[in-house]
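Novice: Quick one, structure for this:
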Amino acid sequence: MKHTLSVLVEDEAGVLTRIAGLFARRGFNIESLAVGPAEQMGISRITMVVPGDEREIEQLTKQLYKLIHVLKVQDITDVPCVERELMLIKVNGTPLTRREIIEIAQVFRARVVDLAEDSLTLEVTGDPGKMVAIVQMLQKFGIREMARTGKIALVRESGVNTEYLKTLVSRGS
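Specialist: The predicted model follows:
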């Protein structure tokens, strides 16, 4: 199972290297990693997606707490969260296919950020499922390049589980 960990660290040189080293020594792969300033000056938030069972993640959490500069580790996998990714995707686009690509982009609320004679570059923001879906739709045109930020997430203070709400809406349709 994939777990999403939110880790607050002191914004010091080498912290990310020590965390990556810990994962490497334990044989864990980091599938997604996003790092940036947190709400407090001098603190960074690391959001990572890692595969593992409950026991492995619990052990990993204990190991992270042993690292200097690690302030808080939270497994937010089963907690209602707001999750987003940013993706730039460059797609082959001729004058004949351009209209269809733009229509797909509109459905996904993506923006065209660059237009060349034979390609379009789209900016897509949303949950990880949206990223997978638009890539599948654009595959038939030929994807030239793609860059994704990795998932970032914050716990929903409202406690509303949007995944649960989606199942209610789909049953009602």
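Novice: wait, isn't Lys2 in contact with Val49?
Specialist: Yes: using Cβ atoms under 8 Å, Lys2 is in contact with Val49, at 5.5 Å. Heads up, the C-betas are built off the backbone N, CA and C, glycines and all.
Novice: Now do the shared contacts for these two.
Specialist: Common contacts of Lys2 and Val49, defined by Cβ atoms under 8 Å, 6 or more residues apart in numbering, comprise Glu31.
Novice: who's more crowded, the two?
Specialist: Counting neighbours by other Cβ atoms under 10 Å for Lys2 and for Val49 shows that Val49 has the greater number, 20 against 12.
Novice: can I assume that one is in contact with Glu31?
Specialist: Yes: Val49 is within contact range of Glu31, at 4.6 Å (criterion: Cβ under 8 Å).
Novice: any shared contact partners between those two?
Specialist: The contact sets of Val49 and Glu31 overlap at Lys2 (Cβ under 8 Å, 6+ apart).
Novice: next one: stretch 2-14 to chain centre, how far?
Specialist: Remark: stretch 2-14 is offset 14 Å from the chain centroid, using Cα atoms, centre = their mean, to the nearest Å.
Novice: could you give the mean pLDDT of it?
Specialist: Stretch 2-14 carries an average pLDDT of 95.
Novice: Check which helices and strands the one helix or strand Leu154 maps to sits against.
Specialist: Following DSSP states H and E, one finds Leu154 within strand 152-155. In terms of contacts (3 or more Cβ pairs under 8 Å, 6 or more residues apart in numbering; DSSP states H and E), strand 152-155 is packed against strand 2-10, strand 43-51, strand 81-92.
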